[in-house]
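Colleague: I'll drop the sequence and a predicted model, then ask my questions.
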Amino acid sequence: MIAEIIQAQPETIRTIWIEGGITVWVQFFDGGRLAFDRDWFAIRVASVKATLPETPLERNERLHEELSIICNKFGIQTGQIDWLSFSTKLYQDRQCIGLVGCNAQGLWYARRTQLGCNQFAHSAEIVVASLGVRLTVAA
């Protein structure tokens with residue numbers, strides 16, 4: 001990413017550091033250095049980062065957050081999450097009510113039993129509701 005910002009070959013960059021909270025320095029293997037204004041550099045980093053694909057960790061964090069919100073809304077809990085496939089069992093009153101997950105295409109799925117048929121949807125809320133779970137109502 002740094003190489004793209006300063007238009008250099010990645011293998012030529014030795015290190016990068018911020019000096020005095022104002023200047024970003026890039027040092028090259030050949031001994032040369034370039035200085036950049038911190039704010040200018042931060043804007044370029046943000047614009048390049050916005051074009052990068054989501055990492056698996058970022059995807060899992062986003063999916064976990066979405067699922068947590070929906071589980072709270074329905075008053076249910078998740079089991080241990082399989083982070084590789086992003087799937088988990090759902091529990092209501094300690095009773096397993098089904099399995100939910102999100103596939104590589106970004107579609108959420110749910111099924112009542114381990115060998116059951118998947119129900120697919122574009123949101124976690126729809127697949128949780130497909131398991132027959134009703135929204136919790138405040139007393």
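Modeller: In hand now; what should we look at?

Colleague: Name the next helix or strand following the longest helix belonging to the chain along the chain.
Modeller: Taking residue count as the measure and DSSP state H as the definition, the longest helix of the chain comes out as helix 56-74. Using DSSP states H and E, the helix or strand that follows helix 56-74 in sequence is strand 77-78.

Colleague: and that following strand, which strands flank it?
Modeller: Here strand 77-78 has these sheet partners by DSSP bridges: strand 87-92 (antiparallel).

Colleague: so Asp37 touches Gly21, yeah?
Modeller: No - using Cβ atoms under 8 Å, Asp37 and Gly21 do not qualify as a contacting pair, with a distance of 11.5 Å. (Glycine included, C-beta is placed from N, CA and C.)

Colleague: what about these two, which has more around it?
Modeller: More neighbours surround Asp37 than the other of Asp37 and Gly21, with 11 against 6 (other Cβ atoms under 10 Å).

Colleague: That one pairs with what?
Modeller: According to DSSP bridges, the partner residues bridging Asp37 are Thr23.

Colleague: if I look at it, how far off is Glu19?
Modeller: Taking Cβ to Cβ, to the nearest Å as the criterion, Asp37 is separated from Glu19 by 12 Å.

Colleague: same deal with Ile43?
Modeller: In this structure, Ile43 and Glu19 are 19 Å apart, going by Cβ to Cβ.

Colleague: again, but for Asp93
Modeller: For Asp93, the distance to Glu19 equals 58 Å [Cβ to Cβ].

Colleague: which other residues reach the longest helix of the chain?
Modeller: Surrounding helix 56-74, the residues in contact under the criterion Cβ atoms under 8 Å, 6 or more residues apart in numbering are 54, 77-78, 81, 83, 86, 88, 90, 92, 100, 102, 123-125, 128-129, 133-136.

Colleague: Buried residues, it. List them.
Modeller: For helix 56-74, the buried set under the neighbour-count rule, 16 or more other Cβ atoms under 10 Å, comprises 59-60, 63-64, 67, 70-71, 74.

Colleague: Please apply the same query to stretch 40-48.
Modeller: By 16+ other Cβ under 10 Å, the buried positions in stretch 40-48 come out as 41, 44.

Colleague: per-residue confidence averaged over that stretch?
Modeller: Averaged across stretch 40-48, pLDDT comes to 91.
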